[in-house]
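# Got a sequence here, can you model it:
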Amino acid sequence: MTDYTNLLSTNVQKLKPSGIRKFFDLLENMDDAISLGIGEPDFVTPWHIRDAGIRALEKGYTKYTSNAGLTRLREEISKYLLRRFDLDYHPQDIVVTVGGSEALDMAIRALVNPGDEVIIPVPSFVCYGPITELTGGVPVYIDTKVENEFRLTAEELRSAITPRTKLLVLPYPNNPTGGIMERRDLEAIAEVLKDTNVIVLSDEIYAELTYGQDHVSIANIPGMKERTILVNGFSKSHAMTGWRMGYVCGPRPIVQQMLKIHQYAVMCSPTTSQYAAIEAMANGDCDVQRMRQSYDYRRRFLYDGLRSLGLDCFEPRGAFYMFPSIKKTGLTSEAFCEQFLLEQRVAVIPGTAFSPNGEGFVRMCYAASIDHLSKALERLEEFLKKF
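This is a model prediction of the structure:
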């Protein structure tokens, strides 16, 4: 018998499977279940964007593009970032990636040496720590607090920095909490970092989905652009999850090294998707506004519903997630989610899937129809009666 344990990478074997995957597997065989678990828009990609992809296929645009992506697409991304967020990036400082996830992977691998420390505020998206571990880096987790609306504070950051700190991950607007960082928060973070050599990896995939205020990037803060790697994409803002389109912007010396990883790993992003993305960048602002308004309505609907049922929940100001406390039930996050799914056929994700300090919370995605949200609240009310 072949001993695969000795053949496989030790670092890979140490990784834990995603805590989200388990609930997707349970959900697969439940035809009548309502899913508030998957972080995906329920909108179909707008027609004019799909049509651009179709026309690219009809014209036979099916060959490789340049490694960094089509020049026209990088130009449109540059215009979009300046128009929407007042961020000035030259097309040569942009690489088109296979979703935002590849951009995050490339950034960490390009910067982190074995033993380097990467500061990660949690709860947050599940990939930052595992990618760090695969590089031989050391994740340093900062437990953010609901009292601060899960923001990273300057004091928390200052206490976590050591001589081995290489990178700070800034995952805002945040998945799973819906927390954001305002300009004053980012200015305080910048003040902590100004006398260090720490680079910021700013995951801004939800930048278009903020409510009541415009998104501010840490790259907007004076002195921070030259030490910030900005990751964004099309999946959440333009309902293009399956197109697998993202991009990374940053200082050219860093981006050039990331491009080498991209060259060897994937060659280039999907050609058809790139042509669709050009249309999204050039003519998709109205689509984004329409979808954001719909998410905002759903956000307020679900928030009011949860509060009326007696669940404590701060009002999220970004992304499309609610992170209510379920501590009153006496159940662990995982037990709550398992029972809720099996008894009421509603899928939500335990907060512990995003970090141990997510215990006592669950993530609910409100990128679902009002009908589904209404039914989910009715089933939740029935479920909570036994507590």
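
# For C313, which residues are in contact?
303, 306-307, 322-325 (CB atoms under 8 Å, 6 or more residues apart in numbering). For every residue, glycine as well, the C-beta is placed using N, CA and C.

# Checking my notes, it in a helix, right?
No. The assignment for C313, made by DSSP: H, G, I helix; E, B strand; the rest coil, is coil rather than a helix.

# So this structure: which segments form each domain?
Using automatic domain parsing, the domain parsing of the chain gives 4-45+286-380, 48-284.

# Relative to F387, which of those domains is closest?
domain 4-45+286-380 (4.5 Å; CB to CB).

# Just the endpoints, please. Distance across the closest one?
Domain 4-45+286-380 has its terminal residues 44 Å apart, counting by CA to CA, to the nearest Å.

# what mean pLDDT would you report for that domain?
Mean per-residue pLDDT for domain 4-45+286-380: 91.

# What residues sit buried inside stretch 87-101?
87, 89, 91, 93-101 (16 or more other CB atoms under 10 Å).

# how far is it from where the chain is centred?
The chain centre lies 16 Å from the centre of stretch 87-101; the measure is CA atoms, centre = their mean, to the nearest Å.

# What of stretch 161-169?
21 Å.

# And the strands in the stretch 51-200 of the chain?
Along the stretch 51-200 of the chain, counting by DSSP state E, counting those that start in this stretch, strands occupy 94-97, 117-122, 138-143, 165-170, 199-203.

# which one of the ones you listed lies closest to Q289?
Nearest of these (CB to CB): strand 199-203, 22.3 Å.

# Touching that closest one from outside, list them.
Residues contacting strand 199-203 (CB under 8 Å, 6+ apart): 100, 104, 107-108, 111, 125, 166-172, 193, 217-219, 224, 227-231, 254.

# Could you identify the buried members of the residues you listed?
Counted by 16+ other CB under 10 Å, the contacts of strand 199-203 give 100, 104, 107-108, 111, 125, 166-172, 193, 217-219, 224, 227-231, 254 as buried.

# among these, which are in helices?
100, 104, 107-108, 111, 193, 254 (DSSP state H).

# on that earlier part again, mean pLDDT and distance to C313 added to the strands of the stretch 51-200 of the chain, as CSV?
CSV is the format used below for the strands of the stretch 51-200 of the chain (pLDDT from 0 to 100; distance: least, CB to CB, whole Å):
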stretch, mean pLDDT, distance to C313
strand 94-97, 98, 34
strand 117-122, 98, 18
strand 138-143, 98, 19
strand 165-170, 98, 23
strand 199-203, 98, 23
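
# Distance to E343 added to those, as JSON lines?
Listed next are the strands of the stretch 51-200 of the chain as JSON lines, based on distance: least, CB to CB, whole Å:
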{"stretch": "strand 94-97", "distance to E343": "41"}
{"stretch": "strand 117-122", "distance to E343": "29"}
{"stretch": "strand 138-143", "distance to E343": "31"}
{"stretch": "strand 165-170", "distance to E343": "36"}
{"stretch": "strand 199-203", "distance to E343": "35"}
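
# Can you check which of the ones you listed gets nearest to C268?
That would be, of the strands of the stretch 51-200 of the chain and by CB to CB, strand 94-97, which comes in at 7.7 Å.
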